[in-house]
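Chemist: Below are the sequence and a predicted model; questions follow.
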Amino acid sequence: MQLSTDFNYTYYQKRKCLHCGSPIPDQAHAARKFCIPLKLPDGSIKNCKDDFHAENRKEENLPYRLIGEFHKRIHQNILNLYASEKEIVSLDKISQYGIDLSRPVKFIVDTDQGYFFYFIEFGFKQLPGNQFKIFKHEYSFK
């Protein structure tokens, strides 16, 4: 909605934008809680409603973003470990590279084959004697 520019607005109701605190004209719809979106000279759009909700979503999504950042960091650590040690590694080497096996994306206990720890692109299979085999997998964690 765009308010006409050739009209004198009144502000008797003292309504204010929930995001920036600018006054909202009495002539705007009674349900309006934010400024009317405004196209700026540089082509961008000032939209208090979107900005307000984006800030709230950012806080709500923080724990999920941190999980993603953790797995991105672990993936890089696994790539470095795989490049230097290849397939068979000790638990000490895994710890040395900062890989936390207690936080995989997927964990499987197979009574015949043992424990499997799945991360992005790579997995670890536990072998006897605190040894682990690193392998690439095709799982998609969508």
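Modeler: Cool, the structure landed. Numbers count the residues shown, from 1 in each chain.

Chemist: Next up, phi/psi of the spatially most central residue of the chain, please.
Modeler: Closest residue to the average C-alpha location of the chain: residue 65 at 2.8 Å, with CA atoms, centre = their mean. Dihedral angles of residue 65 (phi, psi; degrees, to the nearest 10) stand at phi -60, psi -40.

Chemist: how far out from the middle of the chain is stretch 69-86?
Modeler: 20 Å (CA atoms, centre = their mean, to the nearest Å).

Chemist: And stretch 124-133, by the same measure?
Modeler: 32 Å.

Chemist: cool, stretch 16-35 as well?
Modeler: Put simply, stretch 16-35 sits 31 Å off its chain's centre (CA atoms, centre = their mean).

Chemist: what's that stretch in contact with?
Modeler: 1, 3, 7, 9-15, 36, 46-49, 51-52 (CB atoms under 8 Å, 6 or more residues apart in numbering). C-betas here are computed from N, CA, C, even on glycine.

Chemist: Can you show me the strands along the chain?
Modeler: Secondary structure of the chain by DSSP state E: the strands cover 38-39, 45-46, 88-90, 106-110, 114-118, 122-127, 131-136.
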